[in-house]
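A.B. asks: next input, structure requested:
(one chain, ligands or ions: 2)
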Amino acid sequence: MELSPAEQVKNALIAQGLETPLVDSDMSAEQKYTRIKGLMTEVVSTLGLDLSDDSLCETPHRIAKMYVNEIFAGLDYANFPKITQIDNKMGVDEMVKISDISVVSTCEHHFITIDGLAKVAYIPKQTIIGLSKINRLVRFFAQRPQVQERLTKQVLVALQTLLGTEDVAVSIDATHYCVKSRGVMDTQSQTQTTALGGAFKANSATRIEFLR
Ligand SMILES: Nc1nc2c(ncn2[C@@H]2O[C@H](COP(=O)(O)OP(=O)(O)OP(=O)(O)O)[C@@H](O)[C@H]2O)c(=O)[nH]1
Ligand SMILES: [Zn+2]
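C.D. replies: Ligands and ions are numbered 1, 2, ... in the order given. Below you'll find the model as predicted:
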C-alpha cells in the first residue's frame, strides 16, 4: 500500500534524525486536553492565582485547548496539511521562491513564542506544489515545540520528500521571546537559519540567488 504524504515525511525525518523527540502515546486529543487542563489548574493555583475569578477560571481550559489544538497541533500527523501537486507540464526549471511566510512557533526550552518569517525556494522536477501548501507545511512544523534549526531542516526535508527533488532551500529569520522577554532580555537580536539541498548547496550562483 502506498504511504500517505504525512507518513512519507515522517519516515524521512526519522531516517535523517530530524524528527522531533517524541514518545509513543495512545492518548487521544480529547484525553490530552483533559489531562493538561487538570495539570494547568495546579500550575495556575500554585502561582497563587484565584481560579474562582471570572477572568481566570477558564485559563486551564484555554491553555489545554491551545496546546492540543493550536500551538502544538503539529505534533499530531493527523493534522498534516493536504498537499496538492500538479504535473510540471509547462516544464518549469527555474527557482520558485516564496518570501515572507509567517512563522509563529514555540521555543521548546521555555514554551515561549518564536516569531519570524521564512523564505522557501525549490526548482521543480516532475511536479509543482500549490503555493499555499508551502505556507501550510511551514505552519505544521512551526506548531510544535521547536528549536529554529530543527524547524528549518524539517521544512526542507518535508518539501524534498513531497516534491521528489533535493533542490530545495529554506531560510528563517526570527525573534525568540525567550531571548527578548526574559533571560538575557535582548530586544533586538534576530536569528537566521538556513537549510540548503541539491543545487542550492552545490551551486553558488543558485545559493546567492536564493539568499539575495
Ligand atoms: N540553538 C538554539 N538555541 C535556542 C533556540 N531557542 C532558544 N535557544 C537557547 O536555548 C538555550 C537554553 O539555555 P539554558 O542555559 O539551558 O536555559 P536558561 O538558563 O533559561 O538560559 P538563558 O536564556 O541564557 O537564561 C538558551 O541559550 C536559549 O537562548 C533555538 O531555536 N536554537
Ligand atoms: Zn527559549
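
A.B. asks: OK, contacts around the closest residue to ligand 1 within the chain?
C.D. replies: Ligand 1 sits closest to Gly183 of the chain, with a gap of 3.1 Å, by C-beta to the nearest ligand atom. The C-beta positions use only the backbone N, C-alpha and C, and glycine is treated the same way. Listed by C-beta atoms under 8 Å, 6 or more residues apart in numbering, the contact partners of Gly183 are His110.

A.B. asks: if we go to 6 Å?
C.D. replies: Neighbour list for Gly183: empty [criterion: C-beta atoms under 6 Å, 6 or more residues apart in numbering].

A.B. asks: pretty sure it sits in a strand.
C.D. replies: No - per DSSP: H, G, I helix; E, B strand; the rest coil, Gly183 lies outside any strand segment and is coil.

A.B. asks: how about the helices in this protein?
C.D. replies: Using DSSP state H, the helices of the chain run over residues 5-15, 29-46, 59-65, 131-142, 148-163, 177-180, 199-202, 204-211.

A.B. asks: ok, and which of those helices has the densest surroundings?
C.D. replies: helix 148-163 (a mean of 23; mean count of other C-beta atoms under 10 Å).

A.B. asks: show me what that one is packed against.
C.D. replies: helix 5-15, helix 131-142, strand 168-176, strand 191-196 (3 or more C-beta pairs under 6 Å, 6 or more residues apart in numbering; DSSP states H and E).

A.B. asks: let's have those in JSON lines, adding mean pLDDT and distance to Leu39.
C.D. replies: Formatted as JSON lines, the helices and strands packed on helix 148-163 follow (pLDDT from 0 to 100; distance: least, C-beta to C-beta, whole Å):
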{"stretch": "helix 5-15", "mean pLDDT": "98", "distance to Leu39": "27"}
{"stretch": "helix 131-142", "mean pLDDT": "98", "distance to Leu39": "24"}
{"stretch": "strand 168-176", "mean pLDDT": "98", "distance to Leu39": "25"}
{"stretch": "strand 191-196", "mean pLDDT": "98", "distance to Leu39": "31"}
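
A.B. asks: let me have these in TSV, extended by distance to ligand 1.
C.D. replies: As requested, those are arranged in TSV below (distance: least, C-beta to the nearest ligand atom, whole Å):
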stretch	distance to ligand 1
helix 5-15	17
helix 131-142	12
strand 168-176	5
strand 191-196	7
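
A.B. asks: out of the ones you listed, which comes closest to Leu117?
C.D. replies: Nearest of the helices and strands packed on helix 148-163 to Leu117, taken as C-beta to C-beta: strand 168-176 at 5.4 Å.

A.B. asks: neighbouring contacts of the closest one?
C.D. replies: 103, 107, 114-122, 148, 152, 155-156, 159-160, 190-197, 200, 210.

A.B. asks: and ligand 2, which of those reach it?
C.D. replies: Contacts with ligand 2 within those, counted by C-beta under 5 Å from the ion: Cys107.

A.B. asks: weed out the non-buried ones from the contacts of strand 168-176.
C.D. replies: 103, 107, 114, 116, 118-122, 148, 152, 155-156, 159-160, 193-197, 200, 210 (16 or more other C-beta atoms under 10 Å).

A.B. asks: so Asn88 sits right up against Pro124, yeah?
C.D. replies: Yes - in this structure Asn88 lies within contact range of Pro124 using C-beta atoms under 6 Å: 4.8 Å.
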